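Colleague: Below are the sequence and a predicted model; questions follow.
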Amino acid sequence: MAKIRVAIIGVGNCASSLVQGVYYYRNRSEKDAIGLMHWNLGGYLPGDIEFVAAIDIDKRKVGRDLSEAIFAPPNCTTVFHRDVPSMGVRVVMGEVMDGVAPHMKDYPEDETFVVSEEKAVDIVKVLKESGAEIALNYCPVGSENATRYYAECCLEAGVAFINCMPVFIASDTKWAEKYKEKGIPIIGDDIKAQIGATITHRTLAKLFADRGVKLDRTYQMNTGGNTDFLNMLARERLKSKKISKTEAVQSVLPVPLEPGNIHIGPSDYIPWLKDNKICFLRMEGRIFGDVPMNIELRLSVEDSPNSAGCTIDAIRCAKIALDRGVGGPLFSISAYTMKHPPHQYPDSIARQMVEEFIEGKRER
């Protein structure tokens, strides 16, 4: 199969895990490919992904080859595959806009962004000249203006857009229609993890509903030590993130909980946790005879590798859509890999929809 030419917007921890993973799995076969939801997806393997452009705003990354930039501070995710060859892909300077929260200047350089003094490049030109087919948006949470800017650049360049962040693009009917009119695929919004806080919470909430248990109230509190958690200390940047995570759980309940009975969102930044995310989850309900019960769960997982497998599936589905000439939001893979897709479906149904899309039984 042909290579899948991908541009990365934001060379942070998630990008680092993704790039490491592509090269890690190139040297493996299906029988020992632990950690992937799909090995062969529509004829495309993980190793068929080729990175052709990269955009960031940090002076320690801008100007460096992508193979080096993924390991530069403040990235702190687990290095599981150091042997990433030089790609000849120079990280270029993007638009800062609202990508950096003001409070981050008060933290040590190795924990936060250090904005480059280089002039922002012409993003549309970069996308076109690189031959990128698909762009991944990894802008920080709260980068509302920056995300819309890059989404517009992809529209102008004719590049498919995968929005891994909680800014509503694919799930916004106006943006979805723009991509559909131009025949460009879009997937989003807000990438899920393989086994993360949201997918675990959704699964347990669905279990309560399926077993006839009345869920009365629940919370999900998350802590971590990467730049994502540091960025989210600015509570004003969290509006769309909280909506995204909360709707992901509410959507599997027969009757949504009242706002006062559900709390989901990032809670604090603990530097020494690095890229390790710890979730504290509690669910209170009533079983037969209105007898009360509760579940408490603690989940600890390396945050960025946890989403990389979902992203690899999203990339390959976007490529299949490009091959078939399908534009607009891809409902199946969005529901399967994103917290705030255009349409919510139970995860088991979303997976079946993806399989049908891969087989050509479903258009999008």
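Modeller: Received, thanks.

Colleague: ranges for the strands of the stretch 51-200 of the chain?
Modeller: With strands called from DSSP state E, counting those that start in this stretch, the stretch 51-200 of the chain shows them at 91-93, 134-137, 160-163, 185-188.

Colleague: Quickly run through the sheet partners of the last one, with directions.
Modeller: Using DSSP bridges, strand 185-188 pairs in its sheet with strand 160-163 (parallel), strand 328-329 (parallel).

Colleague: what's the most buried one of those?
Modeller: Ranked by mean neighbour count, the strands paired with strand 185-188 are led by strand 160-163 with a mean of 28 (mean count of other C-beta atoms under 10 Å). (C-beta placed from N, C-alpha, C; glycine too.)

Colleague: May I have it as CSV, with CA atoms only?
Modeller: Written as CSV, here are the backbone C-alpha positions of strand 160-163 (Å, rounded to 0.1, in the frame of the first residue of the first chain):
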residue,chain,number,x,y,z
ALA,A,160,-7.9,15.9,6.1
PHE,A,161,-8.2,17.0,9.7
ILE,A,162,-8.1,14.8,12.8
ASN,A,163,-8.9,16.9,15.8
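
Colleague: related to what we said a few turns ago, tabulate the strands of the stretch 51-200 of the chain (TSV), appending mean pLDDT and distance to Gly224.
Modeller: Output for the strands of the stretch 51-200 of the chain, formatted as TSV (pLDDT from 0 to 100; distance: least, C-beta to C-beta, whole Å):
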stretch	mean pLDDT	distance to Gly224
strand 91-93	98	24
strand 134-137	98	20
strand 160-163	98	21
strand 185-188	98	22
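
Colleague: Packed most tightly, which of these would that be?
Modeller: strand 185-188 (a mean of 30).

Colleague: Would you map the strands across the stretch 251-364 of the chain?
Modeller: Going by DSSP E, counting those that start in this stretch, the stretch 251-364 of the chain shows strands at 262-269, 276-287, 291-302, 328-329.

Colleague: With distance to Arg235 and mean pLDDT as extra columns, can I get those strands in CSV?
Modeller: Output for these, formatted as CSV (distance: least, C-beta to C-beta, whole Å; pLDDT from 0 to 100):
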stretch, distance to Arg235, mean pLDDT
strand 262-269, 9, 90
strand 276-287, 18, 98
strand 291-302, 23, 98
strand 328-329, 30, 98
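
Colleague: need the contact list for Met37.
Modeller: Residues counted as contacts of Met37 (C-beta atoms under 8 Å, 6 or more residues apart in numbering) are 194, 309-310, 313.
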